[in-house]
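Novice: have a look at this fold, sequence not included:
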Ligand code: F6P
């Protein structure tokens, strides 16, 4: 092995630079390999100018930095690439071009760091003969075959910190504070930050909620002299019998517009049925930014080194993963088959409920 490539695809998350640094250090210092950094995800393979040799200097000092020094994009699916034709956007397969660039660059193995979208693209490229190993990345923690993805821990810290801050102002002003957090179709960020941040209500996509029960829970607290409440709503949570707020992007755009976002929807309903003052905080991309936690720096670094070990063994088509406290690997195919969602009957949900947190059911 002489030369490998690395790219980061999809939404960024804290810890990406730790992976890149781990791969470059392990490859250059320990193995004498060269590493080509591909900018802006798979898009970078359409433009040779975006593929450059990564040196030890390039990765110096990047461990505490959020984002990715390689850049990323959600757009670049080479199997369905958007181009303008006769005034319309059409999608074409340009994957041969991607494979060709890798060959021209002399890249003998590619490390794809990404969430389920990027890993699905990786799988299709493997079918075309590209030797790929994957590193799972997402703040949503929704990838199968790994206990945790890096980035998730940092996002959780951000959400928990927001809840701590909302508590004092909620209490002072006797308000119902609703914190809307990310997570796409999964409720991990809402559930874990809600437990850690002492939320009174947690709404997750895996448990459709009944708005009446939430109003009752908030009202019960008020009767007991607790004149404020804290609600964490995952962006994908939706009312029972109602429509899912975030399921498919196109559908989501329409529904979010109609409901004004899940946080706004819950605030409106509570304001109407209880006549209490409500405020909504949409935490948004703050959850994706900032310096990675110790946990994410360490996990990202270990994932990077494991990716090199897989390449050495020729274990292509594998994704590095965390099982318990150990770094292992699993087939990419298994990781992308379905999303890892919160188990509504699982111990984390039970613990939340025993702590007196209402989950809307
Ligand atoms: O998958 C990560 C994530 O941050 C989700 O939690 C969120 O729904 C989505 O990406 C936001 O994507 P964008 O950056 O395109 O707005």
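Specialist: Perfect, thanks for sending it. Since the model is a prediction, treat every value here as computed from it, not as a measurement.

Novice: and stretch 138-151, what's buried?
Specialist: 138-146, 148-151 (16 or more other Cβ atoms under 10 Å). Every C-beta, even on glycine, is put in place using the N, C-alpha and C of the backbone.

Novice: just stretch 30-38 next, same as before
Specialist: Neighbour-count burial for stretch 30-38 flags 33, 34, 35, 36, 37, 38 (criterion: 16+ other Cβ under 10 Å).

Novice: can you redo the buried residues of stretch 138-151 as a markdown table with secondary structure and pLDDT?
Specialist: Below are these laid out as a markdown table (DSSP: H, G, I helix; E, B strand; the rest coil; pLDDT from 0 to 100):
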| residue | secondary structure | pLDDT |
| --- | --- | --- |
| 138 | coil | 97 |
| 139 | coil | 97 |
| 140 | coil | 97 |
| 141 | coil | 97 |
| 142 | coil | 96 |
| 143 | strand | 96 |
| 144 | coil | 97 |
| 145 | coil | 98 |
| 146 | coil | 98 |
| 148 | coil | 97 |
| 149 | coil | 98 |
| 150 | strand | 97 |
| 151 | coil | 98 |
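
Novice: now the residues you listed as CSV including distance to residue 314?
Specialist: CSV is the format used below for those (distance: Cβ to Cβ, whole Å):
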residue, distance to residue 314
138, 27
139, 31
140, 31
141, 29
142, 29
143, 23
144, 24
145, 20
146, 21
148, 27
149, 25
150, 25
151, 28
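
Novice: going by residue numbers, what spans are strands in the stretch 251-361 of the chain?
Specialist: Assigned by DSSP state E, counting those that start in this stretch, the strands in the stretch 251-361 of the chain fall at 278-282, 318-323, 326-331.

Novice: picking that back up, among the buried residues of stretch 138-151, which two are most distant?
Specialist: Across those, no pair lies farther apart than 139 and 145, at 17.5 Å, counting by Cβ to Cβ.

Novice: got the residues of the stretch 201-350 of the chain near the ligand?
Specialist: Contact residues, the stretch 201-350 of the chain versus the ligand (Cβ under 6 Å from any ligand atom): 235, 288.

Novice: any residue of stretch 75-90 up close to the ligand?
Specialist: No. Counting by Cβ under 6 Å from any ligand atom, no contacts exist between stretch 75-90 and the ligand, the nearest distance being 10.0 Å.

Novice: please report how far residue 340 lies from the ligand.
Specialist: Using Cβ to the nearest ligand atom, to the nearest Å, one obtains 13 Å as the distance from residue 340 to the ligand.

Novice: before we move on, what about residue 323?
Specialist: In this view, residue 323 and the ligand are 22 Å apart by Cβ to the nearest ligand atom.

Novice: and what of residue 61?
Specialist: Taking Cβ to the nearest ligand atom, one finds residue 61 at 26 Å from the ligand.

Novice: which element is that residue on?
Specialist: Secondary structure assignment for residue 61, by DSSP states H and E: no helix or strand.

Novice: need the pLDDT of it.
Specialist: At residue 61, the pLDDT value in this model is 98.

Novice: got the residues of the stretch 51-200 of the chain near the ligand?
Specialist: Counting by Cβ under 6 Å from any ligand atom, the residues of the stretch 51-200 of the chain close to the ligand are 74, 115, 138, 139, 140, 182, 183, 184.

Novice: same thing but at 8 Å, please
Specialist: 74, 115, 138, 139, 140, 142, 182, 183, 184, 189 (Cβ under 8 Å from any ligand atom).

Novice: so which of the residues you listed comes closest to residue 66?
Specialist: Taking Cβ to Cβ as the measure, residue 66 sits nearest to residue 139 out of those, at 11.0 Å.

Novice: quick check: pLDDT value at whatever residue of the stretch 201-350 of the chain ends up closest to the ligand.
Specialist: Nearest residue of the stretch 201-350 of the chain to the ligand (Cβ to the nearest ligand atom) works out as residue 288 at 5.4 Å. pLDDT, residue 288: 97.

Novice: and the residue of this protein nearest the ligand?
Specialist: residue 182 (3.2 Å).

Novice: quick check: the gap between that residue and residue 202.
Specialist: Distance, residue 182 to residue 202, by Cβ to Cβ, to the nearest Å: 14 Å.

Novice: if we can go back for a sec, which residues touch the residue of the chain closest to the ligand?
Specialist: Residues in contact with residue 182 (Cβ atoms under 8 Å, 6 or more residues apart in numbering) are 139, 140, 155, 189, 234, 235, 283, 284, 287, 288.

Novice: for these, give me a markdown table that also has distance to residue 132.
Specialist: Output for the contacts of residue 182, formatted as a markdown table (distance: Cβ to Cβ, whole Å):
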| residue | distance to residue 132 |
| --- | --- |
| 139 | 23 |
| 140 | 22 |
| 155 | 26 |
| 189 | 28 |
| 234 | 31 |
| 235 | 30 |
| 283 | 33 |
| 284 | 32 |
| 287 | 28 |
| 288 | 24 |
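
Novice: longest single helix anywhere in this structure?
Specialist: helix 152-173 (DSSP state H).

Novice: tell me what that helix is packed against?
Specialist: Applying 3 or more Cβ pairs under 8 Å, 6 or more residues apart in numbering; DSSP states H and E, we find helix 152-173 packed against strand 176-181, helix 188-196, strand 229-234, helix 294-313.

Novice: break this structure into its domains for me.
Specialist: 3-150+292-335, 155-288 (automatic domain parsing).

Novice: re earlier: which one of the strands of the stretch 251-361 of the chain has the most crowded surroundings?
Specialist: strand 318-323 (a mean of 23; mean count of other Cβ atoms under 10 Å).
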